[in-house]
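A.B. asks: the following comprises the amino acid sequence and a computationally predicted model.
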Amino acid sequence: MKSISSDLNVIEADDVWKVYRRGKTDVKALRGVSFRVREGEIVAIMGSSGCGKTTLLNIIGGLDKPTKGNIRVNDIELSSLGESKLTKFRRENIGFVFQFYNLLPNLTALENVQLPLIAQGMSKKERLEKATEFLQVVGLSDRLYHKPGELSGGEQQRVAIARAIAVQPSIILADESTGDLDSKTGEEIMELLRKINDQGQTIIIVTHDDMIAMTTDRIIQLRDGEIIENSGS
Amino acid sequence: MRFGFLFISIRDLKSKKLKTIITVVGIAGIITSYLVMMAAANTMNDLVDETFSAYEYRLFVMKRGKEDPMVSQMPDWYVNKIVRVVNPEYIDGVSGFLWWMVDNSTSDDDTEFLTIRGLQVESYKSVIEKYEMVAGEELLDAQKDRNYCMIGINVAEKYEKAVGDTIILQEHAFTVKGIFTTSTMTDSEIWLTIRDAQNLVGKLHKVSLIVLKLTDHDYVDEVTKQIEDNIRGVVVFEADEYMEANAEALDSFRGVILAVSMIALTAAILGMMNTMTMTLRERRHDIGIMKSVGVSNKSIALIYAVEAVFLGFLGGIVGVLLGYFMLNVFGISNIDLAGYLISVNLTYQLAFESVIISTILGLVGGFYPIAKISRQRALDILQKFG
């Protein structure tokens, strides 16, 4: 059963701007974006290519900083943090699931899942148990010692999800996580994300796919760096 | 800093076996040349030290302005004059020597020099002590021992000569009467009677060096004064002084070797820097992923620093082994340096130093590219824009 999302805001974005300098031109990727995400929500960010979806996701995940405005995640003001503190923030609060899986090709599934656990300083025994457990959760208990090259796209994405949830972050950010998969595998991945959401973790999904967006609690629609719709699906 | 990430270094190295091997071989080649050069320089240093330590408490008399036994030339009657002008209570022995280098080349491609020393057979033993006979007998009679020679152990081994064999010097045959060893550079010399040496090199009635053994070191100043006041155009050195002068010359030689070695090591550092830059460029995406999941800059730097240090360390080990094989198995340990056969010794200390240098070289070479990429933002590395 999905836990009821609480009234506690885990993400608070206020007038967030992101301007990139490309040559002599300023590209406004985000133009004063403001929104809230409550704990335990599953939210879709939609919009056409280049509308600022991934930029917004990167700012929420502490991979990028806003040019102007404030972004608070788990009560931490990210816009004022330096690089090393942002790394620590990501380590403790965020799980990323990327479109192209982003697994380390030389490591096995088990080792890939252990990466964030090592970063947290977990002991070898403990992290091995945990990584095995989460690979079981995503249905890959028979693929522990396979390298990414030996796995299908769907399996690689499952490993990426296991890696994202291994440290049990409060927020999971999925950037087009089904975009490179066939529709059946995509559905399976979404089903997996929903199960994770049922455990109370907040999930933000960037997607082009209306069908996926329809299954979320809320859709934030972006156009040219501005929110044009923020509504329950 | 998380040491748990170190398995990634090993995986990276294993995944690029050919590149790892090429890098290690490259470093090893440079370390080998460094090792061999330094071993040669150290061996020379030790040999010169030992050679001159055999002349402690001796005075050397040479031609002023030509203070080198190979170029100094004085009339041989100076020996008798010294005996006359120096208080006999101050000296235990005086003897003159003629040093010369003989061109024994058989062709332009096979150049070879031999160092010969003419001895005043009646007196040389009073000033030279540190030698032992390995076989045969010493030269003791100025007349009977004409056309005989004593050869150092290095010469005997190199030319496979035994007592009774003949050795040809500038078309002149000498019979080997004895084989000696001093465990110094002198082991590469051929000793003849002074007359034979003078005839052979065309320096009749000449000596290049007169050696005095004092009864007491306190007489150095007085004896020096007595000689320089009575014999014009000569200069008197204490053996120690002469050793220092030679040590300076040797230092210059070592300096050249060191400079060449430093150039080789700098090339190795640049090579390492290039290898690590290429490696990190290939791993850029991996680094971005690690940063995105919260791996710290220090941990990432550690992963690749370990890789660089390991390459340096392995290059050092292989370099030392290669050096050992070159010197001992392929037999290039005997270097013919202007007539002196030097047997280059690879010491444990030098081998250890070489491995340490190679390891540091790996770290230094890897430092800049590692520091540069580990400081970059995850997003810049992943190059993801919405």
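C.D. replies: Arrived safely. Worth saying up front: this structure is predicted, and the values here are computed from it rather than measured.
A.B. asks: quick one, what contacts the spatially closest residue to B:S354 that is not a sequence neighbour?
C.D. replies: Excluding the flanking residues, the one nearest B:S354 by Cβ to Cβ, 6 or more residues apart in numbering or on different chains is B:L35, at 4.9 Å. For every residue, glycine as well, the C-beta is placed using N, CA and C. B:L35 makes contacts with B:G319, B:V320, B:G323, B:L346, B:L350, B:A351, B:S354, as judged by Cβ atoms under 8 Å, 6 or more residues apart in numbering or on different chains.
A.B. asks: try 10 Å
C.D. replies: Taking Cβ atoms under 10 Å, 6 or more residues apart in numbering or on different chains as the criterion, B:L35 is in contact with B:28, B:261, B:316, B:319-320, B:322-324, B:326-327, B:344, B:346, B:350-351, B:353-355, B:357-358.
A.B. asks: could you do A:I203 as well?
C.D. replies: A:37, A:40-44, A:95, A:97, A:164, A:171-174, A:177, A:193-194, A:196-197, A:216-217.
A.B. asks: show me where pLDDT drops low in chain B?
C.D. replies: Applying pLDDT under 70 to chain B picks out residues B:1-2, B:51-56, B:106-111, B:129, B:246-247, B:330-342, B:383-386.
A.B. asks: which stretches of it form strands?
C.D. replies: B:58-63, B:74-75, B:91-103, B:113-119, B:132-136, B:148-152, B:166-169, B:172-181, B:189-193, B:206-207, B:209-214, B:234-238, B:334-337, B:340-343 (DSSP state E).
A.B. asks: select, out of those, the one closest to A:I228.
C.D. replies: strand B:334-337 (83.2 Å; Cβ to Cβ).
A.B. asks: and the top helix by length along chain A, which residues are buried?
C.D. replies: Taking DSSP state H as the assignment, the helix of chain A that covers the most residues is helix A:183-198. Within helix A:183-198, the residues that count as buried by 16 or more other Cβ atoms under 10 Å in any protein chain shown are A:T185, A:G186, A:E188, A:I189, A:M190, A:L192, A:L193, A:I196, A:N197.
A.B. asks: again with stretch A:20-30
C.D. replies: A:A29, A:L30.
A.B. asks: contacting residues around it?
C.D. replies: Under Cβ under 10 Å, 6+ apart, the answer for stretch A:20-30 is A:13, A:15-19, A:50-56, A:58-59, A:64, A:66-69, A:222, A:224-227, B:385-386.
A.B. asks: 7 Å - rerun?
C.D. replies: A:V16, A:W17, A:K18, A:V19, A:G52, A:T55, A:L56, A:G225, B:G386 (Cβ atoms under 7 Å, 6 or more residues apart in numbering or on different chains).
A.B. asks: neighbours of the residue nearest to the first one when sequence neighbours are not counted, just the number please.
C.D. replies: It stands for A:V16. Once flanking residues are discounted, A:V16 sits nearest to A:G69: 3.9 Å by Cβ to Cβ, 6+ apart. If you count neighbours by other Cβ atoms under 10 Å in any protein chain shown, A:G69 ends up with 17.
A.B. asks: A:G69 - that's part of a helix, no?
C.D. replies: No. Secondary structure of A:G69 (DSSP: H, G, I helix; E, B strand; the rest coil): strand, not part of a helix.
A.B. asks: how close does it sit to A:S231?
C.D. replies: The gap separating A:G69 from A:S231 is 22 Å, by Cβ to Cβ, to the nearest Å.
A.B. asks: could you pull up phi and psi at the most centrally placed residue in chain A?
C.D. replies: By Cα atoms, centre = their mean, chain A has its centre lying nearest to A:L173, at 1.1 Å. Note on A:L173: its backbone torsions stand at phi -110, psi 120 [degrees, to the nearest 10].
A.B. asks: pretty sure it contacts A:G61?
C.D. replies: Yes. Proximity of A:L173 to A:G61 meets the contact threshold set by Cβ atoms under 7 Å, at 4.9 Å.
A.B. asks: quick check: neighbours shared by the two?
C.D. replies: Joint contacts of A:L173 and A:G61 (Cβ under 7 Å, 6+ apart) are A:I94, A:F96.
A.B. asks: show me where the chain has its helices.
C.D. replies: Since no chain was named, I'll use chain A. According to DSSP H, the helices that chain A contains are A:53-60, A:83-93, A:109-119, A:124-137, A:153-166, A:183-198, A:210-214.
A.B. asks: ah, I was thinking of chain B
C.D. replies: Secondary structure of chain B by DSSP H: the helices cover B:6-15, B:17-53, B:77-85, B:153-159, B:194-201, B:220-230, B:239-282, B:284-292, B:297-324, B:348-374, B:378-382.
A.B. asks: and the nearest residue to B:L382 once chain neighbours are set aside, how far from A:D224?
C.D. replies: Distance criterion Cβ to Cβ, 6+ apart; nearest residue to B:L382, sequence neighbours excluded, is B:G288 at 3.9 Å. Look at B:G288 and A:D224: by Cβ to Cβ, they are 27 Å apart.
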